[in-house]
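Peer 1: Predicted model follows, preceded by the sequence.
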Amino acid sequence: MLLDLADIIDVFGSIGIIILIFVIIIVLLTIALQIGIKAVKGEDSKLGHVFVTGLFIIVITSILSFVVGLFLPVWVGNVVSLLITLFIIKARHDTTLLGALAALIIYVIMVVIIVFALSFVFTGFWVVLLALLA
């Protein structure tokens, strides 16, 4: 028996699906951030510690971007959020600012790879890709 999206929505409800997707996204992003932090030899690169770092980054930068964006151009809020993100990673994982920047660059590359792979899986491009290769 195969489950389709309607069956999953019946089981979890619409809000449950949103929460489930949010949790899956947070876990995938945490794994990507963990890979970045491990690559720069950051301390405390266990999944739980990186998960808490990711939540700190999400909450603090979201609030900060919104508040700064009310008074200044949006790009200023984004730059301030990027700097805060670097300092959070530097402080929580005992690395340098360049190490934190490298971890963020690796994180962004991993996120692009994850999004690209998931877009192939969930939009059916594998069929087109296989047809082109055959």
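Peer 2: Everything's here; your move.

Peer 1: Give the full set of residues in contact with residue 22.
Peer 2: For residue 22, the contact set (C-beta atoms under 8 Å, 6 or more residues apart in numbering) is empty. For the C-beta atoms, the positions are set from N, CA and C on the backbone; glycine is no exception.

Peer 1: How about residue 34: what's its closest non-neighbour residue?
Peer 2: Distances taken as C-beta to C-beta, 6 or more residues apart in numbering put residue 50 closest to residue 34, at 4.4 Å, once the chain neighbours are dropped.

Peer 1: Just to check, that neighbour is in contact with residue 32?
Peer 2: No - the pair residue 50 / residue 32 is not scored as a contact, 9.5 Å apart, by C-beta atoms under 8 Å.

Peer 1: tally of neighbours for the residue nearest to residue 34?
Peer 2: Residue 50: 26 surrounding residues under other C-beta atoms under 10 Å.

Peer 1: residues of the strand or helix carrying residue 11 that come out buried?
Peer 2: Assigned by DSSP states H and E, residue 11 belongs to helix 5-39. By 16 or more other C-beta atoms under 10 Å, the buried positions in helix 5-39 come out as 29-37, 39.

Peer 1: Just give the nearest non-adjacent residue to the residue nearest the centre of the chain, would you?
Peer 2: The residue lying closest to the centre of the chain (C-alpha atoms, centre = their mean) is residue 29, at 3.1 Å. Once flanking residues are discounted, residue 29 sits nearest to residue 54: 6.1 Å by C-beta to C-beta, 6+ apart.
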